[in-house]
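A.B. asks: A structural model of the following input is requested.
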Amino acid sequence: MNTAPFFKELKQDLLANGWDNGKYGTALRIIFLELSFHTLFLYRVQVRLNRIPTVGATLRRIVGWVAGVITSCEISPLSELEGGVIVPHPKGIIIGKGCIIRSGVTIYQHVTIGTKSGHGANEAFPIIEKGAKIYSGAVIVGGIRIGQNAVIGANSVVLKDIPAEKTAVGAPARIINKIQ
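C.D. replies: From the prediction side, this is the model:
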């Protein structure tokens, strides 16, 4: 479970979404106008609400519903997203409850990350290492690991581990030489 301080994660999210690099004017613009930041903020609120005894689960569900309406994506508060994850176009993103996503990972629209089996004792979820890029429509399922700075091509279906610094494309995904 991620125990990083809330405001530290928010600062990492702001930096990952363009604050201080000239791409956007100010932190306030990102906070009020960037859907990518709203997606991560609402996920982090749900994680904190889930820790509150008795009423936390109900409040989390309400915030989760609002997040789904606003952002059109679903990120389970039982998943672990480190600060600094980038979701430039969050529409249609689904991230399951046991997924671990490290900082610097970029996830584009309509990506699904989760388990193969659905529900059960043998569920296994992916781990996405730092700096990986997951392009539109990709599906990553099962207890696999996507290595640091790996690239998953658009509409790929990843069922096996992808080593660091490699590019995977296709359904099922296969490793190709990384294109610079």
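A.B. asks: so where do the strands sit in the protein?
C.D. replies: 74-75, 80-81, 94-95, 100-101, 106-107, 112-114, 127-128, 133-134, 139-141, 145-146, 151-152, 157-158, 167-169, 174-176 (DSSP state E).
A.B. asks: Let's have the ones you listed in TSV, adding mean neighbour count and distance to E34.
C.D. replies: Heads up, the C-betas are built off the backbone N, CA and C, glycines and all. Shown next, in TSV, are the strands of the chain (neighbours: other Cβ atoms under 10 Å; distance: least, Cβ to Cβ, whole Å):
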stretch	mean neighbour count	distance to E34
strand 74-75	22	16
strand 80-81	24	16
strand 94-95	21	19
strand 100-101	20	19
strand 106-107	22	15
strand 112-114	22	22
strand 127-128	23	22
strand 133-134	24	19
strand 139-141	22	25
strand 145-146	22	25
strand 151-152	24	24
strand 157-158	21	28
strand 167-169	20	28
strand 174-176	14	33
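A.B. asks: right, and those strands - which one's nearest F32?
C.D. replies: Ranking the strands of the chain by proximity to F32 (Cβ to Cβ) places strand 74-75 first, at 20.6 Å.
A.B. asks: and the residue located most distally from the centre of the chain, what is it in contact with?
C.D. replies: Largest separation from the mean C-alpha position in the chain: T54, at 27.3 Å (Cα atoms, centre = their mean). Listed by Cβ atoms under 8 Å, 6 or more residues apart in numbering, T54 has no contact partners.
A.B. asks: Dump the lowest-mean-pLDDT helix or strand in the chain to CSV, keeping only the CA atoms.
C.D. replies: In the chain, no helix or strand scores lower on mean pLDDT, DSSP states H and E than helix 27-33, which sits at a mean of 80. Listed next in CSV are the C-alpha coordinates belonging to helix 27-33 (Å, rounded to 0.1, in the frame of the first residue of the first chain):
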residue,chain,number,x,y,z
ALA,A,27,0.0,25.4,-10.9
LEU,A,28,-3.4,27.0,-10.6
ARG,A,29,-4.1,26.5,-14.3
ILE,A,30,-3.2,22.8,-14.0
ILE,A,31,-5.3,22.4,-10.8
PHE,A,32,-8.4,24.0,-12.3
LEU,A,33,-8.2,23.1,-16.0
